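Q: Give me coordinates for this.
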Amino acid sequence: MTLDDPEVVRREYATEDGLLARRAAYEHATGPDVLEMLFDAIAEAAPRTYLEVGCGPGELAARVSEELAADVVAIDIAPRMVELARARGVNARLGDVQELPFEDGTFDCAVAAWMLFHVPDVPRALSQLARVLRPGGRLVAVTNDDDHLKELRELLGLPARRASTFDGGNAEELLRPHFAHVETRPARGRVTFPDREAVLAYVCASAAMLEDRTDVPAFDGPFIATRCPVIFVATR
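A: Presented below is the predicted three-dimensional model:
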């Protein structure tokens with residue numbers, strides 16, 4: 001399994017269960033608040049028009065609409081995610097970032113948060129995102145570095161994480177052909193899993209990332225792992 005396998009993506013996002021289980025682990029995270037950093041990067045652009053690709057349940061899109069008074073459009077390839085986003089009042093629709101159904105220069109700001117590594121053709125997706133942004137428009141893309149949760153992989157007996165199609169190591173190189181300026185904002189910290197049951201819940205919800213591993217060894221006390229999200233702010 002790979003993160004950019006369309007069948008894997010469809011299965012993992014057919015319901016919100018796996019996504020919510022993965023998010024729950026970060027309730028015990030320390031370090032910079034990456035979600036607030038992401039929102040700040042959007043707010044800096046003061047967008048009147050905003051596109052979010054891979055919107056998931058729509059929390060961020062709804063916040064941008066409410067707090068920044070932007071005209072928000074959100075897309076996702078998963079029908080259930082679109083349904084959840086619409087329930088929050090978001091103008092959400094089914095769509096593929098590799099073929100955006102919008103005219104050139106439509107948006108002031110676009111966001112792709114933890115989703116480009118799920119896309120089979122990342123250069124095509126970035127070309128589409130650049131196309132629908134106005135001159136001077138901003139893309140905010142979030143991904144993880146290669147050593148994200150490296151201690152968890154070691155606990156499970158897995159080799160070092162393979163580079164994904166869009167990660168902290170290759171994202172800038174992928175963005176530069178499409179954007180005039182790229183800024184990197186790392187947000188490293190730690191995640192504390194209170195016990196083995198918490199680790200097991202995360203592992204079972206992360207089949208593609210952790211190679212379908214579900215056998216978590218016993219350990220004493222809480223388990224701490226490094227988290228390595230990176231925000232890329234790219235200006236057209």
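Q: Determine the set of other helices and strands touching the lowest-mean-pLDDT helix or strand in the chain.
A: The weakest-scoring helix or strand in the chain, judged by mean pLDDT, DSSP states H and E, is helix 6-12 (a mean of 83). On a contact count with 3 or more C-beta pairs under 8 Å, 6 or more residues apart in numbering; DSSP states H and E, helix 6-12 meets no helix or strand. All C-beta spots, glycine's among them, are computed from the backbone N, C-alpha and C.
Q: Show me what secondary structure element comes after the helix or strand harbouring Arg22.
A: Using DSSP states H and E, Arg22 sits in helix 17-25. Next in sequence after helix 17-25, counting helices and strands by DSSP H and E, comes strand 29-30.
Q: Looks to me like Ala225 is in a strand.
A: Yes - per DSSP: H, G, I helix; E, B strand; the rest coil, Ala225 lies within a strand segment.
Q: List the buried residues in the strand ranked longest in the chain.
A: Longest strand in the chain, counting residues (DSSP state E): strand 133-144. The neighbour-count check on strand 133-144 (16 or more other C-beta atoms under 10 Å) flags 133-134, 137-144 as buried.
Q: and what of stretch 196-210?
A: 196, 198-199, 201-210.
Q: Break down the protein into its helices, ranges please.
A: Here the chain has its helices, by DSSP state H, at 6-12, 17-25, 34-44, 59-68, 79-87, 122-132, 150-155, 171-175, 196-204.
Q: Neighbouring strands - and their directions - for the longest strand of the chain?
A: Applying DSSP bridges, strand 133-144 is found paired with strand 107-113 (parallel), strand 229-235 (antiparallel).
Q: now the angle from it to helix 34-44?
A: 170 degrees (axes from the mean of the first three to the mean of the last three C-alpha atoms, to 10 degrees).
Q: about what we covered before: output the least confident helix or strand of the chain as PDB - backbone C-alpha positions only.
A: Extracted C-alpha coordinates of helix 6-12, given in PDB (Å, rounded to 0.1, in the frame of the first residue of the first chain):
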ATOM      1  CA  PRO A   6      -6.500   5.900  -5.100                       C
ATOM      2  CA  GLU A   7      -8.000   2.700  -3.700                       C
ATOM      3  CA  VAL A   8      -6.300   3.200  -0.400                       C
ATOM      4  CA  VAL A   9      -7.500   6.800  -0.200                       C
ATOM      5  CA  ARG A  10     -11.100   5.800  -1.000                       C
ATOM      6  CA  ARG A  11     -11.100   3.100   1.600                       C
ATOM      7  CA  GLU A  12      -9.500   5.300   4.400                       C
END
